[in-house]
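>>> Here's my sequence, what's the structure:
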Amino acid sequence: MERTFVMLKPDCVQRGLAGEAVSRLERTGLKLVALKMVKPSKDFVEKFYPSSDEWLRAVGGKTLENYEKYGIDAEKEVGTKDALKIGKMVKKWLVDFISSAPVVAMAWEGNHSVDIVRKIVGHTLPLSAAPGTIRGDYSVDSSDSANARKRPIRNLIHASGTVEEAKHEIGLWFSEKEIHSYKRADEAAMFE
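Residues are numbered from 1 along each chain as shown. Next up, the predicted model:
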């Protein structure tokens, strides 16, 4: 059994979709082991999102790929074609957005929980998320639309990408006392 971290972003909470997101995750058989609503500070969110050049370049690179796909001139749109600079812009927008309103932080436990949650949540770009996923069903945002408005993509939810990332993120958001152990009523039917 592994754990993963999920954050329902301000757009999910403000649109009244928190219950839907939790319900979809519960129905898979994953176990909710920690949950809280919090309005995080900018300093906290700054620590939550990585600051490595590698991560920032990857974020900026995704934006550049989308611009190229849709024939948008990055230089004209955001003033640069440098993936690192674009990544720094996007991180600032993320920090401002995530710290702007309450979010719901959760830890989930289950067999291959990181991969299962990522599958249920859908592609990071809602435009590319499959129908039936949370992002595919409830968001239509894109990087070109978001960047034109100088804001992050409104994709409702954050889900850890790896087990290591999940451990780090759960440790940031929850103390050991806030993580609970219990048996779900349906565990025997699913796993024994």
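
>>> tell me which residues of stretch 42-53 are tucked away?
45-46, 48-49 (16 or more other C-beta atoms under 10 Å). Where you see a C-beta, it was placed from the backbone N, CA and C, and this is true even at glycine.

>>> let me redo that: stretch 82-99
Applying a neighbour-count criterion of 16+ other C-beta under 10 Å, the buried positions in stretch 82-99 are 83-84, 86-91, 93-95, 97-99.

>>> beta partners of the nearest residue to residue 30 once chain neighbours are set aside?
Computed as C-beta to C-beta, 6 or more residues apart in numbering, the closest residue to residue 30 that is not its neighbour in sequence is residue 110, at 4.0 Å. Note on residue 110: beta-bridge partners residue 2, judged by DSSP bridges.

>>> Now do the contacts for residue 110.
Contact analysis of residue 110 by C-beta atoms under 8 Å, 6 or more residues apart in numbering lists 1-2, 28-31, 116.

>>> again, but for residue 137
Listed by C-beta under 8 Å, 6+ apart, the contact set of residue 137 reads residue 131.

>>> For it, give its distance to residue 102.
22 Å (C-beta to C-beta, to the nearest Å).

>>> Ok, residue 52 next?
Here residue 52 is placed at a distance of 28 Å from residue 102 (C-beta to C-beta).

>>> returning to that earlier point: which one of the buried residues of stretch 42-53 is nearest to residue 170?
residue 48 (11.5 Å; C-beta to C-beta).

>>> May I have the phi/psi pair for residue 34?
Backbone torsions for residue 34, taken as degrees, to the nearest 10, come to phi -160, psi 140.

>>> Please, where are all the strands along the protein?
Here the chain has its strands, by DSSP state E, at 2-8, 31-38, 103-110, 157-159.

>>> Which of the ones you listed sits closest to residue 182?
Nearest of the strands of the chain to residue 182, taken as C-beta to C-beta: strand 31-38 at 7.6 Å.

>>> can you map out the helices along the protein?
Under the criterion DSSP state H, the chain contains helices at 10-14, 18-27, 42-48, 53-69, 74-78, 83-98, 113-121, 134-138, 143-148, 163-173, 187-191.

>>> Adding mean pLDDT as columns, could you present those in TSV?
Below are the helices of the chain laid out as TSV (pLDDT from 0 to 100):
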stretch	mean pLDDT
helix 10-14	98
helix 18-27	97
helix 42-48	97
helix 53-69	92
helix 74-78	91
helix 83-98	96
helix 113-121	98
helix 134-138	97
helix 143-148	83
helix 163-173	97
helix 187-191	79
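
>>> Compile the ones you listed into JSON lines and extend it with columns for distance to residue 128.
Converted to JSON lines, the helices of the chain look like this (distance: least, C-beta to C-beta, whole Å):
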{"stretch": "helix 10-14", "distance to residue 128": "17"}
{"stretch": "helix 18-27", "distance to residue 128": "19"}
{"stretch": "helix 42-48", "distance to residue 128": "24"}
{"stretch": "helix 53-69", "distance to residue 128": "9"}
{"stretch": "helix 74-78", "distance to residue 128": "19"}
{"stretch": "helix 83-98", "distance to residue 128": "17"}
{"stretch": "helix 113-121", "distance to residue 128": "12"}
{"stretch": "helix 134-138", "distance to residue 128": "9"}
{"stretch": "helix 143-148", "distance to residue 128": "10"}
{"stretch": "helix 163-173", "distance to residue 128": "21"}
{"stretch": "helix 187-191", "distance to residue 128": "31"}
